[in-house]
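Q: structure for this input, please:
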Amino acid sequence: MLPPQRGGCATAFMVLFGLILLLPGLCAILFGVGSLTDSSMDPTLLFLVLLGLLVGFAGVMLIRAAIKGPRR
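A: Below is the predicted model:
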């Protein structure tokens, strides 16, 4: 028996939302690289960079789930 198929609209929304979630990850990478040139890194900035990378990773995983489809 085949698993229920997901609609094309749901897949498109998942990919679109995943792309939106990639933006904080991109900003985190830019700020992280920029702060490496500074001799002392602020712990708050480090926390925000890690949080942005986590959100970007969630975006990658959402896009991956949208492309792969439902589990079998």
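Q: make sure residue 26 is actually in contact with residue 56.
A: Yes - counting by C-beta atoms under 8 Å, residue 26 touches residue 56, with 6.8 Å between them. In short, each C-beta sits where N, CA and C put it, glycine included.
Q: and those two? Which one has more around it.
A: Taking other C-beta atoms under 10 Å, residue 26 and residue 56 do not tie; residue 56 has more neighbours (20 against 13).
Q: OK, contacts around that one?
A: By C-beta atoms under 8 Å, 6 or more residues apart in numbering, the contact set of residue 56 is 21-26, 28-29.
Q: got any ranges where this protein has weak pLDDT?
A: Flagging of the chain using pLDDT under 70 yields the residue ranges 1-4, 71-72.
Q: at 90 what do you get?
A: Scanning the chain for pLDDT under 90 picks out the ranges 1-12, 31-46, 66-72.
Q: helices along that one, start to end?
A: Counting by DSSP state H, the chain has these helices, from start to end: 8-36, 43-68.
Q: just want the angle from the longest one to helix 43-68.
A: Pointing back at helix 8-36 there. 150 degrees (axes from the mean of the first three to the mean of the last three C-alpha atoms, to 10 degrees).
Q: which other helices and strands does helix 8-36 contact?
A: helix 43-68 (3 or more C-beta pairs under 8 Å, 6 or more residues apart in numbering; DSSP states H and E).
Q: for the helix it packs on, which positions count as buried?
A: By 16 or more other C-beta atoms under 10 Å, the buried positions in helix 43-68 come out as 48-49, 52-53, 55-56, 58-59, 62-63, 65-66.
Q: still on that earlier bit, can I get the buried part of the contacts of residue 56 as one PyMOL selection?
A: If you want just the buried ones from the contacts of residue 56 in PyMOL, going by 16+ other C-beta under 10 Å, the selection is:
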select buried, resi 21+22+24+25+28
